[in-house]
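Asker: Please find the sequence and the predicted model below.
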Amino acid sequence: DAKTTQPTSMDCAEGRAANLPCNHSTISGNEYVYWYRQIHSQGPQYIIHGLKNNETNEMASLIITEDRKSSTLILPHATLRDTAVYYCIVRVAETSGSRLTFGEGTQLTVNP
Amino acid sequence: GAGVSQSPRYKVAKRGQDVALRCDPISGHVSLFWYQQALGQGPEFLTYFQNEAQLDKSGLPSDRFFAERPEGSVSTLKIQRTQQEDSAVYLCASSLAGVGANVLTFGAGSRLTVL
């Protein structure tokens, strides 16, 4: 799997957009970018994934650069409940039994 | 059920005791995963089942760790002769096969403390 690099921590004001970056410069052509988050004392939660087009769902937007070497997860209007560790993971999509490698992630703190 | 259910949520064991942690995946989910999460770290892969077959157990840290999923649904992670370094949260996740394979739904975890 391609390695990902994320900042250790970030802060965001409540109501503002949170932009979480991820570098994956060694990503292969068939690898997707997945984002998960883990709120304190809970299991990780899937957020969104994409291959090369920008994606949006009810939780977030995912912007992938044209060269696919980096991406940004956007929470458009962060709330206090979005405080969590956010993990960026690169993996082939159709492989059953994918052992997702979580890394250290980014601790996002949303401040009132 | 609607989600992945794990029990017990909290377990305290004395060093040397055996423990068993249970996972009820989402009905119909073919794939089941166990992860171990130490304090302040990301989850680390332990093992993977596709239906009842354990296809990957390369992440199990020692032969004291054993997992099973005999009927392709409920899974049990067993740790024999627990050691203090086994203290962690044990997370179970399930997913569909195919293109949904990497969209894992996690349970809340079982927190094991070994004294």
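Answerer: Sure, I can see it. This one's a predicted model, so the numbers in the text were calculated from it and none came from an experiment. Residues are numbered from 1 along each chain as shown, chains lettered A, B, ... in the order given.
Asker: chain center to stretch B:41-52, what's the gap?
Answerer: Remark: stretch B:41-52 is offset 7 Å from the chain centroid, using C-alpha atoms, centre = their mean, to the nearest Å.
Asker: go on, stretch B:48-63?
Answerer: 10 Å.
Asker: cool, and stretch A:54-66?
Answerer: Here stretch A:54-66 is found 10 Å from its chain centre; the criterion is C-alpha atoms, centre = their mean.
Asker: Near chain A, which residues of chain B are found?
Answerer: B:4, B:30-31, B:33, B:35, B:41-45, B:48, B:50, B:55-56, B:59, B:91, B:93, B:97-99, B:101-109 (C-beta under 8 Å from any C-beta of the partner chain). Placement of C-beta: from N, CA and C, glycine included.
Asker: Which members of the residues you listed are positioned in helices?
Answerer: Residues of the residues of chain B next to chain A located in helices (DSSP state H): none.
Asker: Report the contact partners of A:T8.
Answerer: Counting by C-beta atoms under 8 Å, 6 or more residues apart in numbering or on different chains, A:T8 makes contact with A:104, A:106-107.
Asker: Return the member of those residues nearest to A:Y36.
Answerer: Within these, the smallest distance to A:Y36 is 11.4 Å, found for A:T106 (C-beta to C-beta).
Asker: which residue sits closest to the spatially most central residue of chain A, ignoring its sequence neighbours?
Answerer: In chain A, the C-alpha closest to the average C-alpha coordinate belongs to A:W35, at a distance of 3.4 Å (C-alpha atoms, centre = their mean). Among residues not flanking A:W35 along the chain, A:I47 sits closest, at 4.3 Å (C-beta to C-beta, 6 or more residues apart in numbering or on different chains).
Asker: so that neighbour makes contact with A:M59?
Answerer: Yes. In terms of C-beta atoms under 8 Å, A:I47 counts as a neighbour of A:M59; the distance is 5.3 Å.
Asker: who's more crowded, those two?
Answerer: A:I47 (19 against 15; other C-beta atoms under 10 Å in any protein chain shown).
Asker: Show me what A:R91 is bridged to.
Answerer: According to DSSP bridges, the residues that bridge with A:R91 are A:Y32.
Asker: number of nearby residues for it?
Answerer: 20.
Asker: From A:S28, how far off is it?
Answerer: 10 Å (C-beta to C-beta, to the nearest Å).
Asker: quick one: contacts for the closest residue to chain B within chain A?
Answerer: Nearest to chain B in chain A, going by C-beta to the nearest C-beta, is A:G43, at a distance of 3.0 Å. Counting by C-beta under 8 Å, 6+ apart, A:G43 touches B:4, B:91, B:93, B:106-109.
Asker: Also A:C88?
Answerer: A:4, A:6, A:20, A:22, A:24, A:33-35, A:71, A:73, A:103, A:105-106.
Asker: now do 7 Å
Answerer: Going by C-beta atoms under 7 Å, 6 or more residues apart in numbering or on different chains, A:C88 touches A:4, A:6, A:22, A:33, A:35.
Asker: Confirm for me that the fourth one is in contact with A:G50.
Answerer: Yes. A:V33 is within contact range of A:G50, at 5.7 Å (criterion: C-beta atoms under 7 Å).
Asker: Having no further points to raise, I will conclude here.
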